[in-house]
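Asker: sequence first, predicted model second:
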2 protein chains.
Amino acid sequence: MQGMTFEKDSSAGYLANHMARLFAAGLHRRIRPLGLSPGVFPALIALWAKDGQTQKALVHQLDIEQATLANTLARMERDGLIIRKASEDDGRVQQIFLTDRAKSLEAEALGEALKQNAEALADFSDEEKDLFLDFMRRAIAAMQDGP
Amino acid sequence: MQGMTFEKDSSAGYLANHMARLFAAGLHRRIRPLGLSPGVFPALIALWAKDGQTQKALVHQLDIEQATLANTLARMERDGLIIRKASEDDGRVQQIFLTDRAKSLEAEALGEALKQNAEALADFSDEEKDLFLDFMRRAIAAMQDGP
DNA sequence: ACCTTTTACATAGCAAGCTATGTTTTATTA
DNA sequence: TAATAAAACATAGCTTGCTATGTAAAAGGT
């Protein structure tokens, strides 16, 4: 009874999926008290760095599809994290602004994200952490460039 | 303009999420012609190894929740991959059996999954691959055992 | 034997991702 | 300038994951 362990822990794809779900679950547990969920994090980070961006600008820097971001922004608006202001020069464009509440959460939210990363890599040396991140970047690049 | 690259590529959680989505997308592209999607893979692998298992037995070996598996099995039944047979000794239990079609897909589907993994790790040496898998197993273990 | 608890599975409802398509406004071009 | 194309965003509909709760059957306790 050993050949049947086909994928469970020897497939990069399976492990990547499992690991990503654990990251998301751990982050969710940490930031739920702040009224946040993992999906809003990328948008928040981009907006904390530069408020008032358009949806197109956000899509450009977040590795998700436009429709995914549109849905995420709708939830964020519903939850009082952003407001949308119609652009004056272009009727198609809306600028996304953080609410005061969203702005006030930056330090704590980023802290929890860092804690989650630290928990996952608790027994990694600094060199191992660097190597791990690099491995992931390389796998991502290989799959993005595609066959 | 360099401090604003906060998470994009230096957060393990962000990279893990992005990498997992690319794995899933690549696998989906490969197995769509077979009428399969990434979510059914874990269940299929378990059933290819041993047909006729109960849902409880499957949940036990797949790192997903019972409700997630129930939904996945419902889609698999709809798509003609499995049939459920009520157990005679226990009215609560149903055994899950692969259809002939699902059985016939094993070699090709596993081949595509291996190809996807190979694509992601194309420029990794054998040692790097081993190390990468081990890193992921360690991160998973750290997050499962929890804080 | 009957009541309670546990077990096995299903369902509801949500988040976050995707592709495909709609809608409105702007830009281009014949 | 009128028709067409493109751009920006929204919506529909799906998958895959989750938690919480419902339901029916079996097990256990008194």
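Answerer: Right, received. Where do you want to start?

Asker: ok, the residue sitting nearest the centre point of chain A to DNA strand D distance?
Answerer: The centroid of chain A falls nearest to A:Pro42 when counting by Cα atoms, centre = their mean (4.1 Å). Going from A:Pro42 to DNA strand D by Cβ to the nearest atom of the strand, to the nearest Å gives 16 Å. All C-beta atoms are positioned from the backbone trio N, CA, C, and that covers glycine.

Asker: ok, that residue touching B:Tyr14?
Answerer: Yes: the criterion here is Cβ atoms under 8 Å, and A:Pro42 meets it with B:Tyr14 at 7.3 Å.

Asker: how many neighbours does A:Ser87 have?
Answerer: 12 (other Cβ atoms under 10 Å in any protein chain shown).

Asker: return the residues in contact with A:Asp51.
Answerer: With Cβ atoms under 8 Å, 6 or more residues apart in numbering or on different chains as the criterion, the residues that contact A:Asp51 are A:Ile96, A:Phe97, A:Leu98, A:Lys103.

Asker: please repeat the previous calculation with a cut-off of 6 Å.
Answerer: Neighbour list for A:Asp51: A:Phe97, A:Leu98 [criterion: Cβ atoms under 6 Å, 6 or more residues apart in numbering or on different chains].

Asker: wait, is it part of a helix?
Answerer: No: with DSSP: H, G, I helix; E, B strand; the rest coil as the criterion, A:Asp51 is coil rather than part of a helix.

Asker: state the distance from it to DNA strand C.
Answerer: To DNA strand C, A:Asp51 is 20 Å away according to Cβ to the nearest atom of the strand.

Asker: any idea how far DNA strand D is from that residue?
Answerer: From A:Asp51 to DNA strand D the distance is 14 Å (Cβ to the nearest atom of the strand).

Asker: please apply the same query to A:Ile64.
Answerer: From A:Ile64 to DNA strand D the distance is 12 Å (Cβ to the nearest atom of the strand).

Asker: buried residues, stretch A:120-139. List them.
Answerer: A:Ala120, A:Leu121, A:Phe124, A:Lys129, A:Leu131, A:Phe132, A:Leu133, A:Phe135, A:Met136, A:Arg138, A:Ala139 (16 or more other Cβ atoms under 10 Å in any protein chain shown).

Asker: quick one: is that stretch near chain B?
Answerer: Yes: applying Cβ under 6 Å from any Cβ of the partner chain, one finds stretch A:120-139 in contact with chain B at A:Ala120, A:Ala122, A:Phe132, A:Phe135, A:Met136, A:Ala139.

Asker: now do that stretch, average pLDDT.
Answerer: Averaging pLDDT along stretch A:120-139 gives 97.

Asker: identify the residues contacting that stretch?
Answerer: For stretch A:120-139, with Cβ under 6 Å, 6+ apart as the criterion, the contacting residues are B:Ala12, B:Leu15, B:Met19, B:Ala120, B:Phe132, B:Phe135, B:Ala139, B:Ala142, B:Met143.

Asker: same deal with stretch A:98-113?
Answerer: A:Arg30, A:Ile31, A:Leu34, A:Leu36, A:Leu47, A:Trp48, A:Asp51, A:Gly80, A:Leu81, A:Ile82.

Asker: nearest to DNA strand D, of the residues you listed?
Answerer: Of all the contacts of stretch A:98-113, DNA strand D sits closest to A:Ile82, with 10.8 Å by Cβ to the nearest atom of the strand.
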